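Asks: heads up, no residue letters with this:
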């Protein structure tokens, strides 16, 4: 678990309230970056894998047969599984058999569910280094802080601009799952404690 002192340290770095960081942690991963088996929480996204394969000159169409649940061109709600689903690592391992780096870049990781393709913005030289760091929750917090600063979302946190934060962090369809509202409510809960 991330300690109160670590949340305070991160808040000082981002010049925001600790409650804002706790809210994101709570909404993204239920306040814990690990599954019951001790592995970092992940969410493998097949539409991202499609794009990552294209980026390394692999035709995803040729890899789709038998992999329809891990490889598809656009986001499809029926193929999405929650990060706590037991098959997330099975899906990742199958994807790694096609291309390791593309697979690792296609999952969101840890306490803040940062996509692997953002490894450089999190301060890492490779996606493998990023994934290795995800085995330590404090490293998940540090990666989050680096990412937030690199994409200038610290301003949104300082101003408690949940809509602006949600749009950038979760994507333009953030309103479909009321991401900004969930963040605001979580922030208010942590602020009142």
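Replies: Arrived safely, thanks for sending. Keep in mind that what you see is a predicted model, and the values were worked out from it rather than measured.
Asks: hey, where'd the strands end up in this protein?
Replies: Listed in chain order, the strands found in the chain under DSSP state E are 42-44, 107-109, 114-115.
Asks: Of those strands, which is nearest residue 6?
Replies: The closest of the strands of the chain to residue 6 is strand 114-115. By Cβ to Cβ, the value is 16.7 Å. C-beta here means a position set from N, CA and C on the backbone, and glycine is covered the same way.
Asks: Check which helices and strands the closest one is in contact with.
Replies: Counting contacts by 3 or more Cβ pairs under 8 Å, 6 or more residues apart in numbering; DSSP states H and E, strand 114-115 is packed against strand 107-109, helix 137-150.
Asks: Can you say which of these is packed in most?
Replies: Highest mean neighbour count among those (mean count of other Cβ atoms under 10 Å): strand 107-109, with a mean of 25.
Asks: Using the record's domain definitions, break the protein down for me.
Replies: Using automatic domain parsing, the domain parsing of the chain gives 4-34+137-192, 42-131.
Asks: For the longest one, the averaged confidence score.
Replies: Looking back up the chat, that one is domain 42-131. Domain 42-131 carries an average pLDDT of 92.
Asks: Quick check: end-to-end length of it?
Replies: End-to-end distance of domain 42-131 (Cα to Cα, to the nearest Å): 10 Å.
Asks: what about it, distance to the chain center?
Replies: With Cα atoms, centre = their mean, to the nearest Å as the basis, domain 42-131 stands 11 Å off its chain's centre.
Asks: Stretch 176-190 too?
Replies: Between the centre of stretch 176-190 and the centre of its host chain there is 17 Å, according to Cα atoms, centre = their mean.
Asks: What lies in contact with it?
Replies: 17-20, 22-24, 26-27, 160, 162-163, 165-167, 170, 174 (Cβ atoms under 8 Å, 6 or more residues apart in numbering).
Asks: What distance do you get for the closest residue to residue 113 other than its chain neighbours to residue 109?
Replies: Distances taken as Cβ to Cβ, 6 or more residues apart in numbering place residue 28 nearest to residue 113, at 4.3 Å, with adjacent residues excluded. To residue 109, residue 28 is 10 Å away according to Cβ to Cβ, to the nearest Å.
Asks: same check, this time on residue 157
Replies: Counting by Cβ to Cβ, the gap from residue 157 to residue 109 is 20 Å.
Asks: Same check on residue 124?
Replies: Distance, residue 124 to residue 109, by Cβ to Cβ: 11 Å.
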